[in-house]
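sequence? don't have it. structure:
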């Protein structure tokens, strides 16, 4: 079953493997100063219906658990799990990355876009008006995008919850 680009699966998982991945990021300058941070992600790899899945930050899966999954085909042999409902243990997990991306666009990029347009037109009254108008349009477009993504995501989540 496919809903909005996600494929829906239900069944018992097999061949569960867990791993921890350390993701290090940061920068150092020539004098040896800087900032480096490391975060640890738990990855679960398992099979369901003969297909391989990867679920990030999940430590609660065990062999034989009955689950319902909404996943995207990553075209590399794995499906990335976005929404998971575990019937055996009675919990539900989902990833709401798209909402955070939309909020980032609305909160951070819209004022930056406004400032760029305003100063690009050299701060004239006409420039202020155009900059404000374009920033307003960008903010409205972002809100519409969030609303659209939210409706799609909620429909997928309801499909999984009602299985």
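Structure's in. What do you need? Since the structure is predicted, the reported quantities are computational estimates derived from the model, not experimental observations.

as a check, name the ranges of all helices in the protein.
Ranges of helices within the chain are 97-104, 110-120, 125-161, based on DSSP state H.

mean pLDDT lowest for which of those helices?
Between the helices of the chain, the one with the least mean pLDDT is helix 97-104; it has a mean of 62.

what is residue 71 paired to in the beta sheet?
residue 7, residue 81 (DSSP bridges).

pretty sure it sits against residue 52.
No: counting by CB atoms under 8 Å, residue 71 sits too far from residue 52 to count as a contact (10.3 Å). Yep, even glycine has a C-beta here, placed from its N, CA and C like the rest.

between the two, which contacts overlap?
Common contacts of residue 71 and residue 52 (CB atoms under 8 Å, 6 or more residues apart in numbering): residue 79.

higher neighbour count, these two?
residue 71 (21 against 14; other CB atoms under 10 Å).

that one and residue 147: what is the separation?
Between residue 71 and residue 147 the computed distance is 24 Å (CB to CB, to the nearest Å).

hmm, residue 56 is touching residue 43, no?
Yes: with contacts counted by CB under 8 Å, residue 56 reaches residue 43, the gap being 5.7 Å.

more crowded one of these two?
residue 43 (15 against 12).

what's near enough to touch that one?
18, 19, 20, 21, 54, 55, 56, 58.

give me the beta-bridge partners of residue 27?
Beta-bridge partners, per DSSP bridges, of residue 27: residue 35.

contacting residues for it?
Residues 34, 35, 36 are the ones in contact with residue 27 under the rule CB under 8 Å, 6+ apart.

show me this structure divided up by domain.
Following automatic domain parsing, the chain resolves into domains at 2-95, 98-150.

out of the ones you listed, nearest to residue 159?
domain 2-95 (5.8 Å; CB to CB).

average pLDDT across the closest one?
pLDDT averaged over domain 2-95 gives 79.

isn't residue 21 up against residue 40?
Yes: counting by CB under 8 Å, residue 21 does reach residue 40; the two are 7.2 Å apart.

contacts only, for residue 13.
Contacts of residue 13 (CB under 8 Å, 6+ apart): 46, 47, 48, 53, 61, 63, 64, 65, 67.

now the fifth one, nearest residue through space, not along the chain?
Excluding its sequence neighbours, the residue lying closest to residue 61 (CB to CB, 6 or more residues apart in numbering) is residue 44, at 4.9 Å.

the one you found pairs with what?
Beta-bridge partners recorded for residue 44 (DSSP bridges): residue 18, residue 55.
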